[in-house]
Structures are given as C-alpha cells and as structure tokens.
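Participant: Let me see the structure of the following:
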Amino acid sequence: MRTNSLRFDLRLGTLALLTLLVLLFSAISVAQTTLATGSITGTVTDPSGAVLSGAKVTITNVDTNQSIELKSNSAGVYTSGPLSP
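Facilitator: This next block holds a predicted model:
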C-alpha cells in the first residue's frame, strides 16, 4: 500500500512540475512578443503650432512596405497602437 502512495505522490509532483514549466514558458513567450513591438504617438500641427484635428497620418515600414493609416483626434494626437518590426 505504501508503494502505491509513493507512486501517486511522484506522479502528482511530476504533473505539478510540468504544469509549472508550461506556464513559465508561456509567460516568457508572451514577454518576448510584447518586447518585439513598439508604437508611435504624435501631434499634428500646422506651421503656426495650431493642432490639426482629423489629419491623415500614414506610417510605413520601409522594410516590408506595409502601411497603416490613422487620423488625428480633436487635440491633433494620433497613436499607432502596437507595431510589429
């Protein structure tokens, strides 16, 4: 009876260790994904310094030629959100 209990404890410990490792590697991969992105935020102004609302902003990755188009808000601010390299 003692041997069965020991096997059960060993299996449970192994399962707990494997679960912990899966969670750890999942967290690491998410952290790497987060670090591999960036964002761009700015304010669109005219030559006199007045903000421009509704201005079209295009951000282009020159390596991939991939573009996104944004519009500035009422304060002239635009934010790209996450950008992949």
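Participant: D46 reaches L52, doesn't it?
Facilitator: Yes. Under the criterion of C-beta atoms under 8 Å, D46 makes contact with L52 at 5.9 Å. Bear in mind the C-beta positions are built from the backbone N, C-alpha and C, glycine included.
Participant: Can you name every helix or strand that the helix or strand encompassing I68 contacts?
Facilitator: Taking DSSP states H and E as the criterion, I68 maps to strand 66-71. Applying 3 or more C-beta pairs under 8 Å, 6 or more residues apart in numbering; DSSP states H and E, we find strand 66-71 packed against strand 56-61, strand 77-79.
Participant: same question for that strand, mean pLDDT?
Facilitator: Summarised as a single mean, pLDDT over strand 66-71 is 94.
Participant: just for the protein, where's the confidence low?
Facilitator: By pLDDT under 70, the low-scoring segments of the chain are 1-10, 21, 24-36.
Participant: per-domain residue ranges of this protein.
Facilitator: 1-38, 39-79 (automatic domain parsing).
Participant: secondary structure class for L12?
Facilitator: Assigned state for L12: helix (three-state reduction, DSSP: H, G, I helix; E, B strand; the rest coil).
Participant: which residues does it contact?
Facilitator: For L12, the contact set (C-beta atoms under 8 Å, 6 or more residues apart in numbering) is empty.
Participant: Number the chain from 31, please
Facilitator: From this message on, residue numbering opens at 31, which makes the last subject L42.
Participant: Please determine how far it is located from V87.
Facilitator: Distance of L42 to V87, computed by C-beta to C-beta, to the nearest Å: 56 Å.
Participant: Repeat that for A105.
Facilitator: Counting by C-beta to C-beta, the separation of A105 from V87 is 14 Å.
Participant: out of these two, which sits in the busier spot?
Facilitator: Each of A105 and V87 has its neighbours counted (other C-beta atoms under 10 Å); V87 has more, 15 against 10.
Participant: what bridges to T73?
Facilitator: V107 (DSSP bridges).
Participant: cool, and G68?
Facilitator: Assessed by DSSP bridges, G68 has beta-bridge partners L113.
Participant: That one and G43, how far apart?
Facilitator: 42 Å.
Participant: ok so, going back, could you list the paired strands of the strand holding I98 along with their orientation?
Facilitator: Partners of strand 96-101 in its sheet, by DSSP bridges: strand 86-91 (antiparallel).
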